[in-house]
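Trainee: Below are the sequence and a predicted model; questions follow.
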Amino acid sequence: MEPVRTCIGCRSRAPRSSLLRVVSQNSHVVADVAAVLPGRGAWLHPTPECYQLAVRKRAFGRALRMRGEVDTGNVENRLNPQVMTNE
Ligand SMILES: [Zn+2]
């Protein structure tokens, strides 16, 4: 059985493989596409909708136990198809 994780944006549960893992690195939230980075991770549907929901609810900081400003620009870029052409 595939593990199920909760999307921090819409809070619905989904198979791990359908979600994007994000991890905290200092004050940055980084997209962990291969789900291999160490540290505390959170899971998000890789859609602008769930990203915006998570930002609005400050879910990144809460899920990743981050203090102060949380920079989610890396994740935002990852969800933008225009910048994924080099991957
Ligand atoms: Zn979602």
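Mentor: Happy to help now that I have it.

Trainee: Which pLDDT value belongs to the residue positioned nearest the centre of the chain?
Mentor: Geometric centre of the chain, nearest residue: Val22, 3.8 Å, by Cα atoms, centre = their mean. Per-residue pLDDT puts Val22 at 97.

Trainee: near the ion, which residues of this protein?
Mentor: Counting by Cβ under 5 Å from the ion, the positions of the chain adjacent to the ion are Cys7, Gly9, Cys10, His45, Cys50. Bear in mind the C-beta positions are built from the backbone N, C-alpha and C, glycine included.

Trainee: okay, the fourth one: pLDDT?
Mentor: What it means is His45. On the pLDDT scale, His45 is placed at 97.

Trainee: list the contacts for it?
Mentor: Residues near His45 by Cβ atoms under 8 Å, 6 or more residues apart in numbering: Cys7, Gly9, Cys10, Ala14, Ser18, Leu19, Leu20.

Trainee: The fourth one and Glu2, how far apart?
Mentor: Okay, so that is Ala14. In this view, Ala14 and Glu2 are 10 Å apart by Cβ to Cβ, to the nearest Å.
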